[in-house]
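Enquirer: Predicted model and sequence below, questions to follow.
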Amino acid sequence: MKQGIIFDMDGTLWDSAENVAKSWNLAIEESGLLKKTLTKEDISGVMGKTMDVIADLLFAELAGEARMELLEACCARENDYLREHGGILYDKVRETMQKLIETGYHLYIVSNCQSGYIEAFLDYYGLWELVEDIECYGNNLLQKGENIRLVVKRNALDQAVYVGDIQGDYDASQKAGVGFIHAAYGFGTIDAEVPEIHAFAELSGMDIPTYMK
């Protein structure tokens, strides 16, 4: 039986909010489209949302076309910045992933981010050899639940679990029909009784609820 663990990014594997804010502020200044300075809290507050929704929330002052132009500039600058500077990797991510693989699990990442964001993360921390497949909203404009299902199908998984930190992650896991583990150290809470971890390393010592509906 092939069992997969699919990870969310922000609030689950790392916290990139501070460096994302720095990179977006550089892009905003360079664009000349808006006079605004974003904070780490601004970015943390929209983590997990799709990029179009983030643009609507953070750049509401701009008309639609200019809003998307600035979003594209911010995302491009962000990917380059994170590939060079990284973020805050949660404790024992590499060691725990290695243990999970040794136990027989296959590891994946699905996020609502733009194209290139997951790749920048994997490049900076050198984690490519531990993650078999990735997918994101920026690649295909599909919602997270659909992308979880896509990864499950593409990798012929018999059972899977999604690990995420916010309500939207849980909702996506339900739409995809997979198990769920709440990364309670992340950015949000879950309105459901679900297994939870308070540090990433706890994954290697728990009974992981992989299943398929």
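Expert: Good, I have the coordinates.

Enquirer: So in the protein, where's the weakest helix or strand by average pLDDT?
Expert: helix 51-58 (a mean of 92; mean pLDDT, DSSP states H and E).

Enquirer: Just list what that one packs against, helices and strands only.
Expert: Helices and strands touching helix 51-58, by 3 or more C-beta pairs under 8 Å, 6 or more residues apart in numbering; DSSP states H and E, are helix 64-85. Any C-beta I mention is one placed from the backbone N, CA and C, and that applies to glycine too.

Enquirer: Buried ones in the helix it packs on, by neighbour count?
Expert: Of the residues in helix 64-85, 67-71, 73-75, 77-79, 81-83 count as buried by neighbour count, 16 or more other C-beta atoms under 10 Å.

Enquirer: so for that helix, what's the average pLDDT?
Expert: For helix 64-85, mean pLDDT is 94.

Enquirer: what does whichever helix or strand comes after that helix contact?
Expert: In the C-terminal direction, the helix or strand that comes right after helix 64-85 (DSSP states H and E) is strand 88-89. For strand 88-89, the surrounding residues in contact (C-beta atoms under 8 Å, 6 or more residues apart in numbering) are 13-16, 18, 125.

Enquirer: So which of those wins on neighbours?
Expert: Within the contacts of strand 88-89, most neighbours by other C-beta atoms under 10 Å means Ser16, with 29 neighbours.
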